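Engineer: just need the structure, nothing else, for what follows:
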Amino acid sequence: MKNKLIIGVKPLENYILQVDFVSGSRVLLDLSEYIDCLRFRPLKNETVWCSAVTNGMFVRFGDVELSHNEILEMVEMPRNNKQ
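Structural biologist: As a prediction, the model looks like this:
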């Protein structure tokens, strides 16, 4: 994959995901607001949560996957519009 945008991910406490980008930017994505949604429910398992890896375009926690674009959309979404 030649267009890598994500250089690192680190799962932190309270379902905060640190995402580091090739641009030098870093975001802290609060996934606690999504954790009860069916898609993200597996992240409640600490082993799954701590398994976060990236291939440069996606972040994966076992079968749960987030794309670079989706991460940016989630960060930019106003809190009152999050589900």
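Engineer: use CA for all of it now, contacts and neighbours both
Structural biologist: Noted.
Engineer: and the helices in this structure, which stretches?
Structural biologist: Using DSSP state H, the helices found in the chain span residues 46-49, 68-76.
Engineer: now, of those, which is deepest in the fold?
Structural biologist: Among these, helix 46-49 has the highest mean neighbour count (mean count of other Cα atoms under 10 Å), at a mean of 15.
Engineer: residues contacting it, please?
Structural biologist: Helix 46-49 is contacted by residues Pro11, Tyr15, Pro42, Leu43, Phe61, Gly62 when judged by Cα atoms under 8 Å, 6 or more residues apart in numbering.
Engineer: buried among these? Make that a PyMOL selection.
Structural biologist: Restricted to buried positions by 16 or more other Cα atoms under 10 Å, the PyMOL selection for the contacts of helix 46-49 reads:
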select buried, resi 11+15+42+43+61
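Engineer: just the ones of the contacts of helix 46-49 in strands?
Structural biologist: Pro11, Phe61 (DSSP state E).
Engineer: which pair of the contacts of helix 46-49 spans the longest distance?
Structural biologist: Tyr15 and Gly62 (15.4 Å; Cα to Cα).
Engineer: so where's this structure shaky on pLDDT?
Structural biologist: 1-2, 79-83 (pLDDT under 70).
Engineer: out of the helices of the chain, which comes closest to Phe21?
Structural biologist: So among the helices of the chain, helix 68-76 is nearest, using Cα to Cα, at 9.3 Å.
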